[in-house]
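Colleague: turn this into a structure:
(one chain, ligands or ions: 1)
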Amino acid sequence: MAVKAHALDKIVSLCKRRGFIFQSSEIYGGFGAVYDYGPLGIALKNNISQLWWRYMTQLHENIVGLDSGILMHPKIWEASGHVAEFHDPLVDCKQCKARYKADELTDKDPKSVDWSTMQCPKCGTTGKMTDPRQFNLMFKTQIGPVENEGSIAYLRPETAQGIYVNYLLVQGSQRLKVPFGIAQIGKAFRNEIVARNFIFRTREFEQLEMQYFVKPGTDDDEMKVWKKERFNFYTDGLGINKDKIRFHQHGDGELAHYAKEAWDVEYEFPFGWSEIEGIHNRKDFDIKRHQEFSGKNMQYSDQVTNEKYFPYIIETSAGLNRMLLTVLADAYWEDTENNRTVLKLHPRLAPIKAVICPLVKKDGLPELARKVVDNLKNHFKVLYDQQGSIGKRYYRQDEAGTPFGITVDHQSLEDNTVTLRHRDSQKQDRVLITGLIDKIDEAILNYS
Ligand code: GAP
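Modeller: Presented below is the predicted three-dimensional model:
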C-alpha cells in the first residue's frame, strides 16, 4: 500500500541524503533560517522557476520579464509603506528571555491585551512579559564607507517594488498596452523572528512575482482570471495533487494596507495548510505612492484614447522555496510494498531524467552505456552509474526522483536494445537505443 509520509523530518533527511538541501554553514553549527541548495536542489529549483517563467513570459504575449536590483533607493521603501508598516510586534519574557511574535500568543489585537497577566509558554512564569515592541523585518545595510542617515539602504523584502518603479520604462520600451504584465524572479530578504518548518519561512528566499497592470474597473474580472491561471499552474504545471491545494480569502483583519482583495493559494503541508502564493488586487496604491514620493508622473497614457490614468495592479506573488517544498512534500512516497522511498516528481521537473547503468562492469557493457549517455546528454540531464547492484542503483535514483532507468545488458551488445524502467510502476520495456529519446519524450508528455 502506498503511504504518504506526514513527517517533515523525513523529507528534510532525504533532502540532505540525496543532495537537495543543506542547512547553511553546517560545519559552524548552522546559520538560522538560511539553507543551501545542493546539486539536485538547485536543478529542481531551476526547473520550477523556468516553468513559471515560461508560463508567464512565453505563454502570455503581453507579459515581459525584468531583473531589477536587490539594493534600491531607500525612498522606495518609504513609498511602499515598508519602513512604516512592515513590522512584527514582539514580546519578551523577562524571566527566561524567550522571545515571541505577539500573534503566536494571542488571536487578539496585541494592543488590547494585558501582557502583564500572560504566562510564558516556555518557563511558565506569569507577569514577566514585556509589552509588544515593533520590529521591522527589513535588513538594513550601508552604502559607502561612512555610516550615517544618508548611507542607509535595505535589502529588498519583495521584488514587486522593482517592477513598479520601472513600469513606465518597460511599457514604453516594449510599446505595451494595458493590460500587460511584468514578471520577475529574484532574491528577497526578511529578518524573520520566528523561522521554522525547514525552507518554508527563511530569512533569504526567492520570489516569483508578476504584476499585471489593468484598467481600473476591469480589476475584479482580471482577479478571477488570475486565480484560475495560478491554480492550474500548480495542478497542471507542477503536477500537484488537486485535493491538497485550495484558496483562502483574506478577511478584513488580514488584508495588507495596499490590498482591495487578496487570496492565498494554500497547500496541505505535513505541518498543516499554509500559504504558497498570494494573489492580490493592489489597486493603484503603489503607483500613486511612487508618484507622490518621487515627484515624477507615474500615470499610464493610452495612445489611442488619449486617456491618462493610474493602472490597477493584480499581483501574483509566490515563494520559489515554498513551491519547491510543495513539490517535494507532494512527491514524497513511501512504497512500503516494495520497501523503497520514491520522489514521484513530475518527470518535467526531475533534476535527472535518466540513470544509465551497465548491468556489470565488464564485457564491453560500460563502453556501450557511455555511448548511450553521449547520445542522450544533449537532450536530457542524465547520469552514469555503475556502483552497486542494479536494484540499489535504481532505489538510489527513486529517492532522487529520477523517472527513468536505462540498463545496458548482454543482449544490448547483440541487438542494440536496452531496458527502460519507469520509476513509479517499476515496469520495464525493451527499447532500441536509437528510439530512447522519443520514448522518453513521449513518457514525459503523457505522465500522469
Ligand atoms: N509582493 C507581495 C509579497 O511579497 P507576501 O505575502 O509578503 O507578499 C509573497 O509574500 C510570497 O513570498 C509568500 O506567499 C511566500 O511564498 C513567499 N515568502 C514570504 N516570506 C517568506 C519567507 N520568509 N520565506 C520564504 N518565503 C516567503
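
Colleague: next, count neighbours for the closest residue to residue 92 other than its chain neighbours.
Modeller: Closest residue to residue 92 apart from its sequence neighbours, by CB to CB, 6 or more residues apart in numbering: residue 130 at 4.7 Å. To be clear about C-beta, it is placed using only N, CA and C from the backbone, and glycine gets the same treatment. When neighbours are counted by other CB atoms under 10 Å, residue 130 registers 14.

Colleague: now the strands for the stretch 251-400 of the chain?
Modeller: 261-269, 272-281, 300-301, 308-309, 312-319, 332-335, 340-343, 354-358, 382-384 (DSSP state E, counting those that start in this stretch).

Colleague: please report how far residue 393 lies from residue 383.
Modeller: Distance, residue 393 to residue 383, using CB to CB, to the nearest Å: 10 Å.

Colleague: following element in sequence after whichever helix or strand residue 172 is part of, please.
Modeller: Counting by DSSP states H and E, the element that carries residue 172 is helix 160-174. Downstream of helix 160-174, the first helix or strand assigned by DSSP H and E is strand 180-189.

Colleague: next, the buried residues of that following strand.
Modeller: Residues 180-186, 188-189 are the ones in strand 180-189 that count as buried (16 or more other CB atoms under 10 Å).

Colleague: could you do stretch 359-374 as well?
Modeller: 359, 365-366, 368-369, 372-373.

Colleague: next, count neighbours for the single nearest residue of the stretch 301-448 of the chain relative to the ligand.
Modeller: The nearest approach of the stretch 301-448 of the chain to the ligand comes at residue 319, 2.6 Å away (CB to the nearest ligand atom). For residue 319, the count of nearby residues is 23 (other CB under 10 Å).

Colleague: next one: the helix or strand hosting residue 11 to chain centre, how far?
Modeller: Following DSSP H and E, one finds residue 11 within helix 8-17. Chain-centre distance of helix 8-17: 18 Å, with CA atoms, centre = their mean, to the nearest Å.

Colleague: which elements pack onto that helix?
Modeller: Contact analysis of helix 8-17 by 3 or more CB pairs under 8 Å, 6 or more residues apart in numbering; DSSP states H and E lists strand 21-23, helix 320-331, strand 332-335 as its packing neighbours.

Colleague: for it, C-alpha coordinates in PDB please.
Modeller: Output in PDB follows, covering the C-alpha atoms of helix 8-17 (Å, rounded to 0.1, in the frame of the first residue of the first chain):
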ATOM      1  CA  LEU A   8       8.600  16.900   7.700                       C
ATOM      2  CA  ASP A   9      11.800  15.500   9.100                       C
ATOM      3  CA  LYS A  10      11.700  12.500   6.700                       C
ATOM      4  CA  ILE A  11      11.700  15.000   3.800                       C
ATOM      5  CA  VAL A  12      14.400  17.000   5.500                       C
ATOM      6  CA  SER A  13      16.700  14.000   5.900                       C
ATOM      7  CA  LEU A  14      16.000  12.800   2.300                       C
ATOM      8  CA  CYS A  15      17.000  16.200   1.100                       C
ATOM      9  CA  LYS A  16      20.300  16.100   2.900                       C
ATOM     10  CA  ARG A  17      21.000  12.400   2.000                       C
END
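
Colleague: still on that earlier bit, now the buried residues of stretch 359-374 as TSV including pLDDT?
Modeller: What follows is the buried residues of stretch 359-374, written out as TSV (pLDDT from 0 to 100):
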residue	pLDDT
359	98
365	98
366	98
368	98
369	98
372	98
373	98
